[in-house]
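Colleague: A predicted structure for the sequence below; I have some questions about it.
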Amino acid sequence: MDLKTLTYLVVFSTFALYFGIAWWARASTTSDFYVASKGVHPVLNGMATGADWMSAASFLSMAGLIAFMGYGGSVFLMGWTGGYVLLAMLLAPYLRKYGKFTVPEFIGDRFYSRTARLVAVACLIIASLTYVIGQMKGVGVAFSRFLEVKFEYGLGIGMFVVWVYAVLGGMKGITYTQIAQYCVLIFAYTVPAIFISFYLTGNPVPQLGLGSKMADGSHIYLLDKLDRIVTDLGFREYTTAVLDSKLNMFAYTLSLMIGTAGLPHVIMRFFTVPSVKAARSSAGWALVFIALLYTVAPAVAVMARLNLIHTVQPEAGQHMVYEQRPDWVKKWETTGLLKFEDKNGDGKIQYSADESRNELVKIDPDIMVLANPEMAKLPYWVIALVAAGGLAAALSTAAGLLLAISSSISHDLMKGVLTPTISERRELLASRIVMTLAILVAGYLGLDPPGFAAGTVALAFGLAAASIFPALMMGIFSKRITAKAAIAGMLAGIGVTLLYVFQHHGIMFIKGTEFLGNMDKNWFLGIDPKAFGVVGALVNFSVAFLVTRLSSEQPPERIQHLVEDIRIPSGARSALHH
Amino acid sequence: MNTNALYWRANLRLMAFCLLVWFIVSFLFGILLVEPLNAFRLGGYPLGFWFAQQGSIYSFVILIFFYSWRMNKLDRKYNVHEE
């Protein structure tokens, strides 16, 4: 069977599986729809959280980025896992104890303010919508490359698939499809890695292979070999290449951590478990399942970089003859993501850090994971599996985000503020309609991304770090923070983050609207705009504390009792009927 | 001080300890002290690099389960556990 037929077969059987699960787990109440009736086993919720969290970016892009960043890429590995420690200790158990449906609902109740709830809704929608656009694009790209259908059709199929199981099943359907999607994506990610690790080092466990010696009889360690090759080519040493500066790496890692802990679609998953105890252990299980991919990724990165260099330059001094390039190179050249230019006209390809001599003029990091099985000459079914895995990663994250958006509109905006008397049946219908609309908006923006779609996932993390995380933390850990203080803090945090990001990338990422133009790039202590969430969070905390200190106002007695109550686990199950 | 307040204080102490470990394995070993640690090796891994790309993640997993296990004990000790 040829590769295309095989890929169709694998991808469409996974879709059939998701539809089957959606039918079996369809939602009939708002509690089903928003929180899967709080009956999800902590290990299963951990698995669903893994799929919810690991997006097209984790699956397709991360290893490729690390492959070219080396040690500097550690910020993603530590940042996107360390957030779960914060989530498990600082947020998840208490929010589960509170036992409501959405994140803005908690913020509105704790800060006894409708305005606070609305500010939280706005942050949630901006963060989730920018994030979901990226997933939609990922679906379109995966389809167009693997199944050779047009980008628009691929996107359309993806939208339809998400629509079926997310609208039908709500949180309940999403949870069980995410569990299936996790299995697909982790299998698809680790199988090629195991093959390649075994082939290169003789050790089938990629995490161990990365620290092993080469199997080619040279008796040198894999990492030493890569360090030597890349420095010979004039690049920085792989294992020590810092990302801009140590301070920048520090801020970047911390921003990703608190951003992760503050992302509503992740927090929401912890509303679905039956108890506070389960919420804590479920965060641990989530990280186990995430770590399975995240500890393999650095090995994939190193091995893909080595395989790539080996293709272009089999031995030092030898070069790939362009006319004899392998098939996978030709295939990727047609996508425009891989480009060669024979600058010295010798018919051979030289790879070098020196721009004037380098003839591998373009390699998009995104193709590293996708092309890796082909580079290593693995069987067709492995390549087909990678396609299904990439789609599972994008679809599962998109579904979680869409649910976060629709529940904040139907539950917080409509039920909470605009039409409080709405019946449960109508609210359920409303959330389904809102989700359909959200899919259409996300699909439209993914199809024709305006200027701001490109760098926006970073903005989602920045906003979550600067607004939602501090607000939730102060709501739980302080009894004194008042409504005014929380609102001022959130607005200041978002304001500072947006100011810095827009100053560098233009207002709403539109080119030419960068203001404060005569300032240095990354003027604040050399921190990357993508790493600025931590500064936004600090501003949020400081403003909130200052406002609380300056005013003599105290939160009402009932709020202080509420905070005391969420701090102890007993009684969480009784909050089930809400 | 009532039991709930004592329980909360014990939780905060445990949390502070866990956050300290969290900081040490990632920010200290993986970023700030990475060069001196790279002088040591773990198989083919320079040690600082290993913490940044492997060790910190394993530590995070262990930390969450450790916290969860100790909290379950505290829940019972202060009689605030769920039914």
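Modeller: In hand now; what should we look at?
Colleague: residue A:203 and residue A:197 touch, don't they?
Modeller: Yes - using CB atoms under 8 Å, residue A:203 is in contact with residue A:197, at 6.1 Å. Yep, even glycine has a C-beta here, placed from its N, CA and C like the rest.
Colleague: which residues do those two both contact?
Modeller: residue A:209 (CB atoms under 8 Å, 6 or more residues apart in numbering or on different chains).
Colleague: for the two, indicate the residue with more neighbours.
Modeller: residue A:197 (28 against 19; other CB atoms under 10 Å in any protein chain shown).
Colleague: what's the local residue count around the closest residue to the more buried one other than its chain neighbours?
Modeller: Among residues not flanking residue A:197 along the chain, residue A:209 sits closest, at 3.4 Å (CB to CB, 6 or more residues apart in numbering or on different chains). Using other CB under 10 Å, residue A:209 has 26 neighbouring residues.
Colleague: enumerate every residue touching residue A:123.
Modeller: A:463-464, A:467-468, A:490, A:494.
Colleague: what's the closest non-adjacent residue to it?
Modeller: residue A:467 is the one closest to residue A:123 (CB to CB, 6+ apart), at 4.3 Å.
Colleague: OK, contacts around that neighbour?
Modeller: By CB under 8 Å, 6+ apart, residue A:467 lies in contact with A:119-120, A:123, A:262, A:490, A:493-494, A:536, A:540.
Colleague: look up phi and psi at the residue of chain B found nearest chain A.
Modeller: Nearest residue of chain B to chain A, counting by CB to the nearest CB: residue B:44, 3.1 Å away. The phi and psi values for residue B:44, taken as degrees, to the nearest 10, are phi -90, psi 0.
Colleague: where does residue 4 sit, in terms of helix or strand?
Modeller: I went with chain A, as the question did not name one. Assigned by DSSP states H and E, residue A:4 falls within helix A:3-24.
Colleague: if you could check chain B rather than the one you did, that'd help
Modeller: Going by DSSP H and E, residue B:4 is in helix B:3-23.
Colleague: same check on residue A:217?
Modeller: Using DSSP H and E, no helix or strand contains residue A:217.
Colleague: so how far is residue A:208 from it?
Modeller: Here the criterion is CB to CB, to the nearest Å. By it, residue A:217 lies 19 Å from residue A:208.
Colleague: ok, the two, which is more surrounded?
Modeller: Each of residue A:217 and residue A:208 has its neighbours counted (other CB under 10 Å); residue A:208 has more, 15 against 6.
Colleague: for chain B, just list every one of the helices.
Modeller: B:3-23, B:34-38, B:47-50, B:56-77 (DSSP state H).
Colleague: what's the most buried one of those helices?
Modeller: Mean neighbours per residue, mean count of other CB atoms under 10 Å in any protein chain shown, is largest over the helices of chain B for helix B:47-50, with a mean of 24.
Colleague: what is that one packed up against?
Modeller: helix B:34-38 (3 or more CB pairs under 8 Å, 6 or more residues apart in numbering or on different chains; DSSP states H and E).
Colleague: tally up the residues packed near the residue in chain A that chain B sits nearest to, please.
Modeller: For chain A, the residue closest to chain B is residue A:221, as judged by CB to the nearest CB, at 3.1 Å. Neighbour count for residue A:221, taken as other CB under 10 Å: 20.
Colleague: isn't it right up against residue A:209?
Modeller: No - taking contacts as CB under 8 Å, residue A:221 lies outside contact range of residue A:209: 10.7 Å.
Colleague: quick one on the thing from earlier: OK, contacts around the residue of chain A closest to chain B?
Modeller: Contacts of residue A:221 by CB under 8 Å, 6+ apart are A:211-214, B:43-44.
Colleague: ok, now which ones touch residue A:214?
Modeller: With the criterion set at CB under 8 Å, 6+ apart, residue A:214 makes contact with A:200-201, A:220-222, A:225.
Colleague: quick one: it and residue B:9, what's the gap?
Modeller: 54 Å.
Colleague: ok, now residue A:219?
Modeller: Distance from residue A:219 to residue B:9, by CB to CB: 56 Å.
Colleague: so after the one helix or strand residue A:369 maps to, what's the next helix or strand?
Modeller: Per DSSP H and E, residue A:369 falls inside helix A:367-375. Of the helices and strands lying after helix A:367-375 in sequence (DSSP H and E), the nearest is helix A:380-407.
Colleague: against residue A:539, how distant is the residue nearest to residue A:123?
Modeller: 10 Å.
Colleague: filter the contacts of residue A:221 down to the buried ones.
Modeller: Buried members of those, counted by 16 or more other CB atoms under 10 Å in any protein chain shown: A:211-214, B:44.
Colleague: now, those residues that are in helices?
Modeller: Among the buried ones among the contacts of residue A:221, no member lies in helices (by DSSP H).
Colleague: could those be laid out in CSV, adding pLDDT and distance to residue A:59?
Modeller: Formatted as CSV, these follow (pLDDT from 0 to 100; distance: CB to CB, whole Å):
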residue, pLDDT, distance to residue A:59
A:211, 91, 24
A:212, 91, 25
A:213, 91, 29
A:214, 88, 27
B:44, 91, 26
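Colleague: quick one: least confident helix or strand in chain A?
Modeller: helix A:456-463 (a mean of 77; mean pLDDT, DSSP states H and E).
Colleague: hmm, who's touching that helix?
Modeller: With CB under 8 Å, 6+ apart as the criterion, helix A:456-463 contacts A:57, A:123, A:126-128, A:130-131, A:133-134, A:255-256, A:259-260, A:263, A:494, A:497, A:501, A:509, A:529-530, A:532-533, A:536.
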